[in-house]
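*Asks:* output the structure for:
(chains A and B)
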Protein chains: 2
Amino acid sequence: MRSDRLGETLLPKKIALPVFASDALSSVAYAPDEILLTLGLAGGALALTHSWEIALAVVVVMVVVVLSYRQNVHAYPSGGGDYEVASVNLGPRAGLTVASALLVDYVLTVAVSVSSGVQNAASAFSFLRGHEALVAVGIVVALTAMNLRGVRESGSAFAIPTYLFMAAVLGMALVGFARRTFGELPQAESADLTLAPEAGYEQLGTLAMAFLLLRAFSSGCAALTGVEAISNGVPAFKKPKSTNAATTLLLMGAVSTTMLLSMMSLATWTGVHFADDPQRQLLRDGVPVGDSYVQDTVMGQVAKSVFSGFHPGVVLVSVVTGLILVLAANTAFNGFPVLGSILAKDGYLPRQLHTRGDRLAFSNGIVILAAAAAALIVAYDAEVTALIQLYIVGVFISFTLSQTGMVRHWNRHLAVEKDERARRRMRRSRAINAVGAAMSGTVLVVVLLTKFTHGAGYALAAMGVLFALMIAIRRHYDHVREELAVREDDTQQQLLPSRVHAIVLVSKIHKPTLRAVAYAAATRPSRLEAITVDVDPDETAQIQAEWLRRGIPVPLKSLDSPYREITRPVVDYVKSIRSGNPRDLVVVYIPQYVLGHWWEQLLHNQSALRLRSRLLFTPGVMVSSVPWQLASSQGAEERFDGPVAGDVRRGEK
Amino acid sequence: MRSDRLGETLLPKKIALPVFASDALSSVAYAPDEILLTLGLAGGALALTHSWEIALAVVVVMVVVVLSYRQNVHAYPSGGGDYEVASVNLGPRAGLTVASALLVDYVLTVAVSVSSGVQNAASAFSFLRGHEALVAVGIVVALTAMNLRGVRESGSAFAIPTYLFMAAVLGMALVGFARRTFGELPQAESADLTLAPEAGYEQLGTLAMAFLLLRAFSSGCAALTGVEAISNGVPAFKKPKSTNAATTLLLMGAVSTTMLLSMMSLATWTGVHFADDPQRQLLRDGVPVGDSYVQDTVMGQVAKSVFSGFHPGVVLVSVVTGLILVLAANTAFNGFPVLGSILAKDGYLPRQLHTRGDRLAFSNGIVILAAAAAALIVAYDAEVTALIQLYIVGVFISFTLSQTGMVRHWNRHLAVEKDERARRRMRRSRAINAVGAAMSGTVLVVVLLTKFTHGAGYALAAMGVLFALMIAIRRHYDHVREELAVREDDTQQQLLPSRVHAIVLVSKIHKPTLRAVAYAAATRPSRLEAITVDVDPDETAQIQAEWLRRGIPVPLKSLDSPYREITRPVVDYVKSIRSGNPRDLVVVYIPQYVLGHWWEQLLHNQSALRLRSRLLFTPGVMVSSVPWQLASSQGAEERFDGPVAGDVRRGEK
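*Replies:* Have a look, this model is predicted:
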């Protein structure tokens, strides 16, 4: 789709919801587990009594954050998202902090979602157990390959699994509620077990207990990741863009909170016991269940209870949950290169990440994301609980800075706005964003306090490294721009070289060489000569004889090479010509073979490439590559082109 | 050292011996162990009675091989070695087989020597135990770094440790013989243990027994690896080259066999028990010694007996053994790239491996060798016994083909030689080589029979893959040469293009752009224009305004880019110009920044490089890079140069 016809591919709300919400919705697959197992550290009683309250607290935060982001969507319809809001209102360093946090979080989205997807799938397909990390890495590799090949995100590819997932979870909730109403909801498979506290958690004081509740709440806040996705995607919505985006955001919040609360209710009613260390914490008749016990996810256990006697229901829930989690991971594959491109445009990442339409630019981002996620999956053995500890902190850094930025935004506008109705609206928005900022900031502090030593410290360290790297890159670009700037009184740059000395490099006498000589002659240089490096005297003599015999109308000079190397004699010769007259220009013509496959390239042109790199260091020298297209190069050209990941959510197809 | 002054750096025999013999001599550090533990599979009695006979058989083979290679040295003083002998006399496929075998063996030389070095060093420094693989990989990395940095092999660096090793081992033998003569040679630490047969080896029939003896013999033949080194290095010797090389070969054989026989005698006299699985096979009072028992190498045990009461002697033997084994590994780092260069010259490996004096060319070889060796060390946990099973097969393939080639060589010469004295000499040489060929062939069959399933199969498979790869590369080069050859009646190649259309690519207005315009103008093209790609309309307008304001005397055209990409619009534009007149030449001038560090390069020029690669696919287009040297590029040029691994043994410094 060309950019002047972008309007035709904009997303209606019913497609935008699944495109942007899969990440946020999918967290219902692991957030309840994390709440239950954290509470369960202190034994089954705590989980039973407090899990619902924790879920409610998460829902309150979710509602506040959704309402806050509705303000962002209206105020910044450009799709710059939190990075833009923080940069504009709080300065570039705040923006860069948000960017570092989001980059790290994209990696964790992939790692957590894929790991959780595999664990959920294992509820129905038990042969996956014991190979979770391997399967998860396999899925990451598959996603990478798909995105590298440039499979287009299409609205319906998202719509079907996301709506299926919503239907499955909400349907399961309805069936569960109905069966409970009629008093026939069976107990979960783990209901008749006892959940013993972990060592060190047997007798908790009030403070320790409060701390554990906060930790459970932090983990539950994983449900909020992905809420910001819509604010990055406003340009992809149908008009009126902001209104539609805000409505979609509200819809997403409603579905997400309903799902979370339903899952917690069902888990409580069916008596699910979920432990951090099930083999030792779960007791049957006072004895640990031991290594043979396999703990299904909460979603899996609930499904088995609700759909007891109807196995296809369990399989459906399991499959669509796995699917939507993979979809959630895929959103990171689309979001990461887009954010990279914005950062590159601002000079914080290598410039080539910015160039749209060049697949290679996005490929680097995709490969970096996949490698980092795969490394995390392997390091943490696809354990969602361990990975969750690193997650969330980035999201809440981003939420907090973005909402604080929004408060500044309204302050700025209020300072100039005269119309009282507009002022009232702004004050209301500012209040909402202020509450959002305060709430996100509080959660961030809670997350840092409860999770720093459990892994959030690593995530912060990674963000710090990214931050420093991006600052350094920007500094480098600024420095180069300074060095290359043309001063107003600088006329010397436009001086024409007085004489052009052309040199054709000859290694053999074949078609590419003859073409190079012809092309060099066509530029009518002041002086034209061919040179060959005398590495092997016999070969050189042969070339010279052949040169004369063919009557090629250009003198061929042979350069001594006492060390039998090629690069240095040529460089030295070129320098010796230059030193004669510094205003001369030397043009070196290098014949180059063009082949179709990268492995063919490995077999050719290496000396020429090396020589070219060396010559570029010499002032007053220009290097011309004279290509010769071999038969295998035909058709290779097309392989460069193709669609690019993230097109749909940027509003381009 | 320049090649016309090579004479001054040639090696006298006393330096040549250590330079070329470290690999062959060092095998005395592990060959006795392998003989003893293979025999020990059937219990202690067999090892006691037959180890000496096996060693004697190995010595016989060694004598025959040394005498055979003396013929090679005289007949092929060029240093081409086995690859040359096999190629010339048996055809290129035989040569390639030898080459594949040698390449694999170089990798194994590194893996075996370093692993054995670490095991030997552990006899004196017990803290190394349990970390052998890690330490071994560390040594490989260190050797790689050293060779990549281009540390020169120097004669004395070899001479000191090699002579020290010879002095230590032969000195130990003398002391041991003396103490035995006076009846006061102490028993080894393992002498009072019993060596029980392994499961399945308790009651061997005659055939199985013979097979086990042959297997022990095969392992002992590890002592022969490295014998061929001198025949590759004849050009490095002082004149008369061949005579000196032949004498050195004889010396090496004498020292090597003396050492091997001495070690076996001492091991027998001190009652060393050496087991494949010491913790279970070795019994003290009928009970296995168990996991706490640590088995020293034979060299270590013998040293502890001979130098009992004089610990520095033990440490000296241990240290110099470790040293010479590392030196032996280093010879592979020198030999591998040299062989690679010869194969590249013949078109069997990528051409860039051939270019002498270019460090990068050798770096690839060094890194490949190190990576393969490290992988083997990790895979086999630095177990010499396991690695030895893969070794040897390559050496004997090479011996056999080389000696068979020599027989053919003499046949060829005898067919034309008239002088009876010369004929007699040739017939004598032919007889020696024939015996050598028969002997090597027999050993090869024995090695394959006894070791194929123990690992030699993998080595053969690796050789097969290399062989196929080299054939494919050669085929590719032949194909390209065919395609590029200029036919006699082919004058079209020399036709001058009728018109030159120059295009300068503008992305910003800065010094590099102005230089590119000036350089392009200096070539006086028929038509000259500048183009910029309109990715961002504001930026483009700004560039155009600035262009006019500066009065740059070249029209600036802006290309539409509906997909906001850079490469395609330029390529399309260039093609559109070309299609007007196919005899036109289009020259695209691309400004390029030259920076000093590779990471700086990553931040620049990527779009330009991509564009350049794309344009080369279009016929009739030439791409000129106009370099702008940034301040950081100063001094970077020198980093390209440095010495190259393997110079000494090629006879160049």
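
*Asks:* quickly find the element holding A:Val114.
*Replies:* In this structure, A:Val114 sits in helix A:92-124 according to DSSP states H and E.

*Asks:* gap between that helix and the chain center?
*Replies:* When distances are taken as CA atoms, centre = their mean, to the nearest Å, helix A:92-124 is centred 9 Å away from the chain's centroid.

*Asks:* and the lowest-mean-pLDDT helix or strand in chain A, does that touch chain B?
*Replies:* Using mean pLDDT, DSSP states H and E, the weakest-scoring helix or strand in chain A turns out to be helix A:598-602, at a mean of 74. Yes: contact of helix A:598-602 with chain B (CB under 8 Å from any CB of the partner chain) involves A:Glu600, A:Leu602. All C-beta atoms are positioned from the backbone trio N, CA, C, and that covers glycine.

*Asks:* pLDDT of whatever helix or strand comes next after that helix, averaged?
*Replies:* Sequence order places helix A:606-616 as the next helix or strand after helix A:598-602, per DSSP H and E. Averaging pLDDT along helix A:606-616 yields 82.

*Asks:* just checking, what packs against helix A:606-616?
*Replies:* Here helix A:606-616 touches helix A:567-580, strand A:585-594, strand A:621-629, strand B:621-629, going by 3 or more CB pairs under 8 Å, 6 or more residues apart in numbering or on different chains; DSSP states H and E.

*Asks:* next, the angle from the longest one to strand A:585-594.
*Replies:* So that's helix A:567-580. 150 degrees (axes from the mean of the first three to the mean of the last three CA atoms, to 10 degrees).

*Asks:* same for helix A:567-580, what does it pack against?
*Replies:* Partner elements for helix A:567-580 (3+ CB pairs under 8 Å, 6+ apart): strand A:500-505, strand A:527-534, strand A:556-560, strand A:585-594, helix A:606-616.

*Asks:* can you do 6 Å?
*Replies:* strand A:585-594, helix A:606-616 (3 or more CB pairs under 6 Å, 6 or more residues apart in numbering or on different chains; DSSP states H and E).

*Asks:* want to try a markdown table for the helices and strands packed on helix A:606-616, with distance to A:Thr404, mean pLDDT and mean neighbour count as columns?
*Replies:* Converted to a markdown table, those look like this (distance: least, CB to CB, whole Å; pLDDT from 0 to 100; neighbours: other CB atoms under 10 Å in any protein chain shown):
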| stretch | distance to A:Thr404 | mean pLDDT | mean neighbour count |
| --- | --- | --- | --- |
| helix A:567-580 | 57 | 84 | 17 |
| strand A:585-594 | 54 | 89 | 24 |
| strand A:621-629 | 52 | 88 | 24 |
| strand B:621-629 | 43 | 88 | 24 |
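
*Asks:* follow-up on the earlier one: list the buried residues for the least confident helix or strand of chain A?
*Replies:* A:Glu600 (16 or more other CB atoms under 10 Å in any protein chain shown).

*Asks:* among the helices and strands packed on helix A:606-616, which is nearest A:Glu383?
*Replies:* Distance to A:Glu383, taken as CB to CB, is lowest for strand A:585-594 among the helices and strands packed on helix A:606-616, at 49.5 Å.
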